[in-house]
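Student: Provided below for reference: sequence and predicted model.
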Amino acid sequence: MLLGALQQAAEFTLPLHLPAHGRGRGFPPALAALLQQPLGHLDLPELPSLGGPLLPHGAVAEAQRSTAELWGSRRCWFGVNGSTGLLQAALLGALRPGQRLLCPRNLHRSVLHGAVLAGLEPVYYALPFSERWGLSRPVDVGWFQRVLAAAARDCPVDLALLVNPTYQGLSAPLTPLVRLCHSQGLPVLVDEAHGSHFRAHAALPRDALAAGADLVVHSTHKSLPGLTQTAVLHSCGGRISGEDLEQGLLLLQTSSPSALLLAATELVAAWPHQQPQASHLLGRAMDRWGRWRRQLTGMGWRVSPCDDPLRLRLCTAPWGPSGLALDERLLRLGIAGELPEPAGFTFYLGFQPPRQALGRLRNALAQLHGSSLNPPELTGTLRPAPTPLLARAAVPPRSAWFGPTRRLPLKQAVGRVAAEAITPYPPGIPLLLPGERLDEERCAWLLHSRHLWQHPGGVLDTVKVLR
């Protein structure tokens, strides 16, 4: 049943979504050659000659050492539970229960779950918001100086998390941000799941390892042409112990990693350094992004600014249709995008989109242009969440996660502590986090947002709270 559904989905839809390899078209030659041969005889356990990610000897250990040397990190580890598993392992290795993690409100839910597992206290910082484009912007140096000053005054933290680039492809100035943290004795973990390819082209933003981050997590299927579930954790400098990181990895990584996935990870992690081929492919991607932007703008659509040529976002607010409604219409026409939001719709072009992709998207958008996809009262009503620059949870996420709970209508939950994350769309960026107390202003904003997120699995009418 599942295999049939998988084959049907692959045949029906135009893929403008992850993974970055675009259904195999963007695989590097070595990985494409590997996947074209019979694979059964390569599905092997941790034989002595192979080893594994946490073993000091064997082919996997050698592959990790050579990958770290390529990237300029002190050590690296391959993971087969995606960037999710490696982010959580990094938190378990870098921090101890009760320590504080400074993290942006656009954190992926895997970080929240890592805080639950490790017993950490997150301290959330708000992001600048662009009303023109209807999305959060990355922090700049001035904004982050204010965040760090507030943290030093009210709740000193032990590790800073940066998410770069954002899901919509906007990049922060990482080098001065990392230096700012280091000047205050703070190690830095960068969730660079969507920016692993930045190293491959000089015109792209500076990558996190080049910027001096202490820990960096790469997703090799989100921003390198690799297989889903594969990722790499890099460690630099001496601020965080490699032994402690391996303890974290030991808790969360499978004892039977797929040798095939590990081999694919090595091939793809080397791809940004295979010059000039990688640079040429990304140069073509930048040219493609400009061409798509010009043609869609010529049709009357607004294209958001972007630092990443692998993704393109149509801005649908305040005058156009909801990105969620646009997504539903395009799916009926066989086009699957990556991230629908009330104010926009992000398409993931990847390294090698189908040849007719732009033509098919233009034709579909032409059919929908001017359609009444948005209830009139929702047009132009987007506003940022009413969150302070810096916020601590009322209760640690672990206590909220495991405590006694009840479910209440949203309006009746004012003053209560949330015991779940409200996460309206698949990438997992929460709007309300476990352990946060729901106040009147936030409740009104969530009620407003509930009407904007009208799609299956959207913001709920009720919320689970601590008793």
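Tutor: That came through, no problem. Residues are numbered from 1 along each chain as shown.

Student: which one is Leu233 nearest to, not counting chain neighbours?
Tutor: Leu86 (4.2 Å; C-beta to C-beta, 6 or more residues apart in numbering). C-betas here are computed from N, CA, C, even on glycine.

Student: secondary structure class for that neighbour?
Tutor: Put simply, Leu86 is helix when judged by DSSP: H, G, I helix; E, B strand; the rest coil.

Student: quick check: bridge partners of the nearest residue to Asp154 once chain neighbours are set aside?
Tutor: Nearest residue to Asp154 in three dimensions, chain neighbours excluded: Leu390, at 6.8 Å (C-beta to C-beta, 6+ apart). Counting by DSSP bridges, Leu390 forms beta bridges with Tyr125.

Student: one more: Arg75?
Tutor: Counting by DSSP bridges, the residues bridging with Arg75 are Ser235.

Student: contacts only, for it.
Tutor: 64, 68, 234-235, 242, 245 (C-beta atoms under 8 Å, 6 or more residues apart in numbering).

Student: and the pLDDT at it?
Tutor: On pLDDT, Arg75 comes in at 97.

Student: what do you get for Gly457?
Tutor: 47.

Student: tell me where the longest helix sits in the chain.
Tutor: Assignment by DSSP state H gives helix 277-298 as the longest helix of the chain.

Student: restricting to C-alpha, output that one in PDB.
Tutor: Extracted C-alpha coordinates of helix 277-298, given in PDB (Å, rounded to 0.1, in the frame of the first residue of the first chain):
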ATOM      1  CA  GLN A 277      31.700  21.700 -10.600                       C
ATOM      2  CA  ALA A 278      29.900  22.600  -7.400                       C
ATOM      3  CA  SER A 279      30.400  26.300  -8.000                       C
ATOM      4  CA  HIS A 280      29.200  26.000 -11.600                       C
ATOM      5  CA  LEU A 281      26.000  24.200 -10.500                       C
ATOM      6  CA  LEU A 282      25.200  26.900  -7.900                       C
ATOM      7  CA  GLY A 283      26.000  29.600 -10.400                       C
ATOM      8  CA  ARG A 284      23.400  28.100 -12.700                       C
ATOM      9  CA  ALA A 285      21.000  28.000  -9.700                       C
ATOM     10  CA  MET A 286      21.500  31.700  -9.100                       C
ATOM     11  CA  ASP A 287      20.800  32.400 -12.800                       C
ATOM     12  CA  ARG A 288      17.800  30.200 -12.700                       C
ATOM     13  CA  TRP A 289      16.400  32.000  -9.600                       C
ATOM     14  CA  GLY A 290      16.800  35.400 -11.300                       C
ATOM     15  CA  ARG A 291      15.000  34.100 -14.400                       C
ATOM     16  CA  TRP A 292      12.100  32.700 -12.300                       C
ATOM     17  CA  ARG A 293      11.800  35.900 -10.400                       C
ATOM     18  CA  ARG A 294      11.700  38.100 -13.500                       C
ATOM     19  CA  GLN A 295       9.000  35.900 -15.200                       C
ATOM     20  CA  LEU A 296       6.800  35.600 -12.100                       C
ATOM     21  CA  THR A 297       7.200  39.300 -11.300                       C
ATOM     22  CA  GLY A 298       6.200  40.000 -14.900                       C
END
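
Student: can you name the residues in contact with that helix?
Tutor: By C-beta under 8 Å, 6+ apart, the list of residues contacting helix 277-298 reads 26, 197, 200-204, 271-272, 303, 306, 309-310, 312, 314, 349, 351-353, 358, 361-362, 365.

Student: and that helix, what's its mean pLDDT?
Tutor: pLDDT averaged over helix 277-298 gives 96.

Student: after that helix comes which helix or strand?
Tutor: strand 302-303 (DSSP states H and E).

Student: partners of whatever helix or strand comes next after that next one, with directions?
Tutor: Going down the chain from strand 302-303, the next helix or strand is strand 311-315, by DSSP H and E. Using DSSP bridges, the strands paired with strand 311-315 are strand 302-303 (antiparallel), strand 344-348 (antiparallel).

Student: mind listing what's buried along strand 311-315?
Tutor: 311-315 (16 or more other C-beta atoms under 10 Å).

Student: between these, which sits nearest Asp140?
Tutor: Checking those against Asp140 by C-beta to C-beta gives Arg313 as the nearest, at 20.0 Å.

Student: wait, that closest one sits on Phe347?
Tutor: Yes - using C-beta atoms under 8 Å, Arg313 is in contact with Phe347, at 7.4 Å.

Student: narrow the contacts of helix 277-298 to those in helices?
Tutor: Short answer: the contacts of helix 277-298 in helices (DSSP H) are 358, 361-362, 365.

Student: got JSON lines for those residues, with distance to Gly22, neighbour count and pLDDT too?
Tutor: What follows is those, written out as JSON lines (distance: C-beta to C-beta, whole Å; neighbours: other C-beta atoms under 10 Å; pLDDT from 0 to 100):
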{"residue": "Leu358", "distance to Gly22": "14", "neighbour count": "17", "pLDDT": "94"}
{"residue": "Leu361", "distance to Gly22": "14", "neighbour count": "23", "pLDDT": "95"}
{"residue": "Arg362", "distance to Gly22": "18", "neighbour count": "16", "pLDDT": "94"}
{"residue": "Leu365", "distance to Gly22": "20", "neighbour count": "19", "pLDDT": "91"}
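
Student: next, format these as JSON lines and append distance to Gly290.
Tutor: Shown next, in JSON lines, are those (distance: C-beta to C-beta, whole Å):
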{"residue": "Leu358", "distance to Gly290": "12"}
{"residue": "Leu361", "distance to Gly290": "16"}
{"residue": "Arg362", "distance to Gly290": "15"}
{"residue": "Leu365", "distance to Gly290": "18"}
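
Student: distance between the ends of stretch 43-50?
Tutor: By C-alpha to C-alpha, to the nearest Å, the extent of stretch 43-50 from end to end equals 12 Å.

Student: and that stretch, which residues are buried?
Tutor: 46, 50.

Student: now it, how far from the centre of its chain.
Tutor: With C-alpha atoms, centre = their mean, to the nearest Å as the basis, stretch 43-50 stands 31 Å off its chain's centre.

Student: one more: stretch 230-237?
Tutor: The answer for stretch 230-237 is 16 Å, by C-alpha atoms, centre = their mean.

Student: quick one: neighbours of the closest residue to Ala393 other than its chain neighbours, just the number.
Tutor: With sequence-adjacent residues excluded and distances taken as C-beta to C-beta, 6+ apart, Ala393 is closest to Gly435, at 3.4 Å. Look at Gly435: counted by other C-beta atoms under 10 Å, it has 26 neighbours.

Student: next one: Ala68
Tutor: If we define neighbours as other C-beta under 10 Å, then Ala68 has 20 of them.

Student: confirm it sits in a strand?
Tutor: No - counting by three-state DSSP, Ala68 is not found in a strand; it is helix.

Student: about what we covered before: just the buried ones out of the contacts of helix 277-298, please.
Tutor: Here, 16+ other C-beta under 10 Å leaves 26, 197, 200-201, 204, 271-272, 303, 306, 309-310, 312, 314, 349, 351-353, 358, 361-362, 365 buried among the contacts of helix 277-298.

Student: so which residues of the stretch 301-450 of the chain form helices?
Tutor: Along the stretch 301-450 of the chain, counting by DSSP state H, counting those that start in this stretch, helices occupy 323-332, 357-368, 397-402, 440-452.
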